[in-house]
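Q: Got a predicted structure here, sequence first:
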Amino acid sequence: MQNILDLITAGAPSEEFANLELPESYRAVVVRKEEQDMFAGMESADKDPRQALHLQEIPLPELAPDEAVIAVMASSINFNTVWTSIFEPLSTFGFLSRLGRESYWGKRHDQDFHAVGSDASGVVLRVGSAVRKWKPGDRVVVHCNHVDDQDQSSHNDSMLGDNQRIWGFETNYGGLADLSIVKANQLMPKPEHLSWEESSVNALCNSTSYRMLVSKNAAPMKQGDAVLVWGASGGLGGYAVQYILNGGGTPVGVVSSPEKVALLNDLGVEHVIDRKEANYRFWSDEHTQDESEWRRLGKDIRSMIGRDVDIVFEHPGRQTFGASVFVAARGGTITTCAATSGFMIEYDNRHLWMKLKSIVSSHFANYAEAWAANDLICQGKIQPILSAVYPLAETGEAAYQVHKNLHEGKIGVLCLAPEEGLGITNRELREKVGEDRITAFRRHGA
Ligand code: NAP
């Protein structure tokens with residue numbers, strides 16, 4: 001890998017990358033099929049990603065005509081790597097074998113290892129024969145929408161493709177590795193003013209928050225809207241609050257510590273609720289919700305902004321969903337993309353229909369949304385929310401931090417990048433955007 005790194009460091013021309021001989025195998029963080037039952041019978045909270053994630057050599061597969069091989073400089077931890085590593089809600093080897101049955105190229109993914117990771121920044125090393133827009137040597141970030149663009153179902157909105165998948169979660173050869181295989185349509189330009197690790201943390205969460213709040217496909221926010229954001233300093237929430245502030249809205253952030261409140265205040269989020277301090281008990285027992293606690297949250301929001309919120313940015317799921325439906329204003333929208341605390345959701349439907357509220361679902365982002373969200377990062381209008389950086393060999397520990405909610409924002413992982421701070425090619429833009437804004441989460445995480 002050293003010769004690859006040398007070319008990247010030297011900013012070598014495309015031909016030199018194209019002439020590189022690629023290795024037959026490379027280091028990747030994997031879960032192993034033989035271990036998929038290792039946590040059987042245990043509570044989710046006790047399942048430890050550090051036991052399931054391994055750094056090992058895997059063979060570099062044959063490249064399909066519409067794909068690229070990337071030298072991964074940095075990647076990030078997403079919650080889907082936590083799900084994969086605790087084999088919940090199901091083992092991801094089922095996804096890989098289904099993909100394996102689809103085609104000759106799909107078969108490559110069906111292995112007894114699953115190389116994980118759904119974010120990456122890096123450099124294109126090889127392109128397949130059908131790739132026209134990208135060439136070896138291009139500096140890129142990767143979004144995770146893996147879809148067959150020849151399938152008519154994906155033409156209007158690529159998230160509606162019948163075989164839409166999340167790269168590195170529902171496919172193999174993900175980004176937590178020295179190399180990765182991606183479809184050329186997943187490539188986007190790397191933000192020039194950011195380091196490799198700052199560039200690597202954005203694509204998945206930033207694009208998801210963009211679709212949830214900015215795109216017409218979920219809950220397009222208008223200037224003046226108030227938005228309740230659960231987990232407002234987490235991976236999704238850290239981008240959501242920026243979109244709300246940029247778009248002339250009023251975020252009401254919910255977090256779980258005074259440090260997170262301070263971080264959000266620093267970002268310009270005036271209204272923040274510490275849910276631990278407030279000690280909401282939305283569920284009085286495992287089966288029963290307490291409407292008076294929903295009311296208490298609603299009252300807390302009104303005491304801060306003088307009215308109800310137009311949009312609720314939902315992802316915790318079972319624990320909060322009843323409250324989210326209740327506190328949205330008449331005619332308001334609950335936009336949801338996940339259910340971290342449980343998928344089987346209960347809410348009081350009377351509060352939904354009598355007040356004409358809507359629940360809209362959202363999942364990652366289509367090509368255009370991912371590109372638009374990346375463009376905002378490239379322009380310095382949305383900041384990376386990198387809070388900590390781990391070496392590839394410590395990916396298990398990094399995923400453990402996310403599983404246990406010990407982190408803020410996003411955790412970056414150095415893959416081929418030998419140290420932090422490399423890869424910045426536009427210092428002028430960085431200065432213009434402001435070091436303080438770019439590194440706000442890193443300073444808090446340090
Ligand atoms: P994250 O970085 O862990 O942040 C989530 C935050 O939510 C936590 O930091 C926590 O913040 C808050 N939270 C967790 N459990 C909660 C509960 N029971 N009640 C209230 N708040 C709770 O994760 P993320 O990257 O934002 O992802 C969040 C969820 O979205 C995950 O399930 C992930 O798989 C999913 N996701 C889906 C998509 C998609 O495309 N569909 C994309 C990205 C992520 P506090 O403790 O500070 O309140």
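A: It's in.
Q: Tell me which residues of stretch 239-251 come out buried.
A: Along stretch 239-251, these residues count as buried under the neighbour rule (16 or more other Cβ atoms under 10 Å): 239, 240, 241, 242, 243, 244, 247, 249, 250, 251. The way it works is simple: take the backbone N, C-alpha and C, and place the C-beta from them, glycine included.
Q: That one near the ligand at all?
A: No: when contact is scored as Cβ under 6 Å from any ligand atom, no part of stretch 239-251 falls within range of the ligand; the minimum is 8.8 Å.
Q: What of stretch 204-218?
A: Yes: Stretch 204-218 lies within reach of the ligand by Cβ under 6 Å from any ligand atom, at 204, 205, 208.
Q: Could you confirm the second one falls within a helix?
A: Yes: secondary structure of residue 205, determined by DSSP: H, G, I helix; E, B strand; the rest coil: located in a helix.
Q: Need the nearest residue in space to it, chain neighbours excluded.
A: Taking Cβ to Cβ, 6 or more residues apart in numbering, and ignoring the residues beside it in sequence, residue 205 has residue 235 as its nearest neighbour in space, at 4.2 Å.
Q: The residue in the stretch 51-200 of the chain that the ligand sits nearest to: what's it in contact with?
A: Evaluated by Cβ to the nearest ligand atom, the stretch 51-200 of the chain has residue 79 as its residue closest to the ligand, separated by 3.3 Å. By Cβ atoms under 8 Å, 6 or more residues apart in numbering, the contact list for residue 79 reads 235, 338, 340, 402.
Q: Out of those residues, give me the two with the largest separation.
A: Greatest spatial distance among the contacts of residue 79 (Cβ to Cβ): 338 and 402, at 13.3 Å.
Q: Pick out whichever of these two has more residues nearby.
A: For residue 338 and residue 402, the more surrounded residue by other Cβ atoms under 10 Å is residue 402, and the numbers stand at 21 against 18.
Q: surely residue 273 meets residue 253?
A: Yes: counting by Cβ atoms under 8 Å, a contact exists between residue 273 and residue 253, whose distance comes to 7.1 Å.
Q: More neighbours: which of those two?
A: Under the neighbour definition other Cβ under 10 Å, residue 273 and residue 253 were set side by side, and residue 253 has more, 29 against 21.
Q: list the contacts for that one?
A: By Cβ under 8 Å, 6+ apart, residue 253 lies in contact with 229, 232, 233, 237, 241, 264, 269, 271, 272, 273.
Q: Mind doing that once more with 10 Å?
A: Remark: with contacts taken as Cβ atoms under 10 Å, 6 or more residues apart in numbering, residue 253 is in contact with 227-233, 237-238, 240-241, 244, 260-261, 263-265, 267, 269-274, 313.
Q: Contact residues of this protein facing the ligand?
A: Residues of the chain lying near the ligand by Cβ under 6 Å from any ligand atom: 78-80, 204-205, 208, 230-231, 233-237, 254-256, 260, 275, 315-316, 319-320, 337-338, 340-341, 363-364, 402, 405.
Q: Which ones among those map onto helices?
A: Secondary structure of those is defined by DSSP state H; positions in helices are 79, 80, 204, 205, 208, 235, 236, 237, 260, 275, 402.
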